[in-house]
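Participant: pasted the sequence and its predicted model underneath.
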Amino acid sequence: MLAQRGTANTYHPISPMLGNPIDSALIREAWPELCRLARTLRAGQTPPVIVLRKLAAYPRQHTVARALREMGRIERTLYAVEWFQQPPVRRRVAHILNKGEGKNNLEQAVFAHRQGKVHDRSIDDQIERASGLNLVLAAIVLWNTVYLGAAVEAARAAGHHIPDAYLAHLSPLGWEHINLTGDFVWRQRRPLILPPLVRDSPTAP
């Protein structure tokens, strides 16, 4: 919830997003401790994870934790104001969110054997399964990137005008053309077929 100053009726269009006013007195009270905490973290004297665990142990009673919460509400409010006032910010965030959702959808499609859930109990098995998933995702992204580049070059060679600015809107996260189920036969002696753009590149293996 965003912080408000005055009554909710003052900002009626966004009143559902508003919460209680900022407790500035609490921030002033805890300010010396906040500065000491910042110096400790900046100097590397205490790992951040230990500080977070200590603050999370008693979040309602801990003065520093409550003050940090109030400061976080200030940051969220300032960001929300920037969000409402600047359309480029909304477009940039939406673009990033779409990329994240695309990656999550690809992960769900690839990790379909156990319905997208890791059931391994040991941390080593969990890491191994996550690493395997990341390897498959990287292979799909690499495949799509290589052939998207080849498709763009072929289209340009055929006389189609494709501005470079359009390429920023391409995503290598599609999988409709990839067989994610069935049997996979790996032939060690079968040569790797690459498009001309990659085969003729001086950096190609």
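Facilitator: That came in fine, so what should we check first? Numbers count the residues shown, from 1 in each chain.
Participant: and the strand or helix carrying E128, what does it pack onto?
Facilitator: Under the criterion of DSSP states H and E, E128 resides in helix 123-157. If contacts are counted by 3 or more Cβ pairs under 8 Å, 6 or more residues apart in numbering; DSSP states H and E, helix 123-157 sits against helix 87-110, helix 196-199. From N, CA and C alone the C-beta is placed, and that goes for glycine too.
Participant: which among those helices is found nearest to T46?
Facilitator: helix 87-110 (31.5 Å; Cβ to Cβ).
Participant: which intervals of the chain have sub-threshold pLDDT?
Facilitator: Across the chain, the ranges flagged by pLDDT under 70 are 1-12, 58-60, 112-118, 120, 182-205.
Participant: make a markdown table from the helices and strands packed on helix 123-157 and add distance to N20 to it.
Facilitator: As requested, these are exported to a markdown table (distance: least, Cβ to Cβ, whole Å):
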| stretch | distance to N20 |
| --- | --- |
| helix 87-110 | 26 |
| helix 196-199 | 58 |
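Participant: quick one: buried residues of the helix holding E128?
Facilitator: By neighbour count with 16 or more other Cβ atoms under 10 Å, helix 123-157 contains the buried residues 133, 137, 140-141, 144, 147, 149-150, 152.
Participant: and it with helix 87-110, angle?
Facilitator: 120 degrees (axes from the mean of the first three to the mean of the last three Cα atoms, to 10 degrees).
Participant: after helix 123-157 comes which helix or strand?
Facilitator: Note on helix 123-157: by DSSP H and E, the next helix or strand toward the C-terminus is helix 164-167.
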